[in-house]
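J.: Sequence and predicted structure are below.
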Amino acid sequence: MGNIILSQLEQSLIDQKNIFGDELYENMIIQRKTEIQSISKKEEKNLIKDNTLKVPNSFGEKKSGLNIGNDIPKEEWQLSDTLEILNDKICNCQKCQLGKYRNKFVFGSGNPEADVLVIGEGPGADEDAQGLPFVGRAGKLLTDILLAIQFTREEVYIANVVKCRPPGNRAPLNVEMAECMPYLLKQIDLIKPKVILCLGLTSAHGLLNKKDSLTNMRGKIFELGSAKVMVTYHPAALLRNPNWKRGCWEDVQQFRKLYDEIIKVNGKV
Ligand code: SF4
C-alpha cells in the first residue's frame, strides 16, 4: 500500500515537473529511480553525475535530413537503407541496461514514408508485451488525438526515444537516451518526415537536446534537419490529468496547421 502511494506521489511530482519544468523534485525522482532500477552503486553514481544528454554526431545538418555519424567509422546498422533492415540489425541491441529488462524490442510502426512522425518516451508494459508502440489506453488516446486532426495511425509513423521498456515505467535516463537516440535519428533519416510531434518532455528533451520546460516548449516550432518539430503532452499524462486535454487539443491543432502549410508550400495538395 505504501509503495502504491509513493508511486502515485512520485508520478504526480513528475507530472508537475513536466509541466512547470522546475528542478524542485529532481533529487527525489533520481532517488526513486534508483530503487526501481536495482542498478549497482557504481552505475548509479555515473548516471546521476551524467546530467547532460550527449548524442554524438546527431544534429549535424544535411540538406535532406540528418547527419548520422558520417565522421566516425560506421557500424553495420548505420548502413541500413530501409527501416526493415535497420530493425533487423538493432533488435538484439544491448547497448544500455534497458536491453536486459525488455520482453520485446519496440522499433516503431506505421508508414515508412510518413510525412508525420510522432515520438513518445519509451515502451510501457503493453508495448513491451506486444513489441508495438502506443498500444493500451495511452495508445488508444493517441489514436483518438490523431483522428481528431485527420490523421490515421496507418499514415503516420510512431516511435519512441528508447526502444526498450524502462523498469517500473520510469522515464529513460540520459545515458539510455544517448545510447538509443542514434537509432531514432537513423529512422528519421530514412523516413524523412516533414513534421514531428514530440509527446512529453522526455521526448522533447531527447530529440531536441534542449533543457526547457514543457510550458516553454509548447506552441513553438523547432527544427531538426529539414523537419519541423512541435511538442505537446504525453497521452499517459493526459489520462492522469484530463485538465491538460484542452492544452493538448490547442497544440495538435497548431501542429495540423503547420503540416497543412508545409504540404501546401510543397505543392502536394
Ligand atoms: S534502449 Fe536502445 S540502446 Fe538501450 S538496449 Fe534498447 S535498443 Fe539498445
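T.: Noted; the coordinates are in hand.
J.: use CA for all of it now, contacts and neighbours both
T.: OK.
J.: pretty sure residue 165 contacts residue 128?
T.: Yes: if you go by CA atoms under 8 Å, residue 165 and residue 128 touch, sitting 6.1 Å apart.
J.: Residue ranges in the protein under the pLDDT threshold?
T.: 1-73, 267-269 (pLDDT under 70).
J.: quick check: longest helix of it.
T.: helix 245-265 (DSSP state H).
J.: who does that helix touch, helix- and strand-wise?
T.: strand 195-199, strand 227-232 (3 or more CA pairs under 8 Å, 6 or more residues apart in numbering; DSSP states H and E).
J.: mind redoing it with 10 Å?
T.: strand 116-120, helix 136-148, strand 195-199, strand 227-232, helix 235-240 (3 or more CA pairs under 10 Å, 6 or more residues apart in numbering; DSSP states H and E).
J.: Give the buried residues for the first one.
T.: It stands for strand 116-120. Within strand 116-120, the residues that count as buried by 16 or more other CA atoms under 10 Å are 116-120.
J.: now these as CSV including distance to the ligand?
T.: Shown next, in CSV, are those (distance: CA to the nearest ligand atom, whole Å):
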residue, distance to the ligand
116, 22
117, 18
118, 17
119, 14
120, 13
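J.: farthest pair in these?
T.: 116 and 120 (13.3 Å; CA to CA).
J.: what do these two both touch?
T.: Here residue 116 and residue 120 have 158, 197 as joint contacts, going by CA atoms under 10 Å, 6 or more residues apart in numbering.
J.: Residue 162 falls within a helix, correct?
T.: No: Residue 162 is assigned coil when assessed by DSSP: H, G, I helix; E, B strand; the rest coil, not a helix.
J.: which residues touch it?
T.: By CA under 10 Å, 6+ apart, the residues touching residue 162 are 96, 98, 105-107, 119-123, 171-173, 176-181, 183-184, 203, 206.
J.: so residue 203 makes contact with residue 212?
T.: No: the pair residue 203 / residue 212 is not scored as a contact, 11.9 Å apart, by CA atoms under 10 Å.
J.: Between the two, tell me which one has more neighbours.
T.: residue 203 (27 against 15; other CA atoms under 10 Å).
J.: residues from the stretch 151-269 of the chain in reach of the ligand?
T.: Residues of the stretch 151-269 of the chain lying close to the ligand by CA under 6 Å from any ligand atom are 162-164, 176, 179-180.
J.: Tabulate those residues (CSV), appending distance to residue 140.
T.: Formatted as CSV, those follow (distance: CA to CA, whole Å):
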residue, distance to residue 140
162, 20
163, 19
164, 20
176, 27
179, 29
180, 25
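J.: and the two most separated of these?
T.: Longest span within those, CA to CA: 164 and 179, 11.5 Å.
J.: Tell me which of those two has more neighbours.
T.: residue 164 (31 against 18).
J.: picking up where we left off before, columns distance to residue 253 on top of the helices and strands packed on helix 245-265, output as TSV?
T.: Shown next, in TSV, are the helices and strands packed on helix 245-265 (distance: least, CA to CA, whole Å):
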stretch	distance to residue 253
strand 116-120	14
helix 136-148	9
strand 195-199	12
strand 227-232	11
helix 235-240	15
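J.: Now for residue 159: which residues touch it?
T.: 106-110, 117-123, 132-134, 184, 187-188, 198.
J.: Ignore what I typed, I meant residue 104.
T.: 91-92, 123, 127-132, 163-165 are the contacts of residue 104 under CA under 10 Å, 6+ apart.
J.: Show the buried residues in the residues you listed.
T.: Counted by 16+ other CA under 10 Å, these give 123, 127-129, 131-132, 163-165 as buried.
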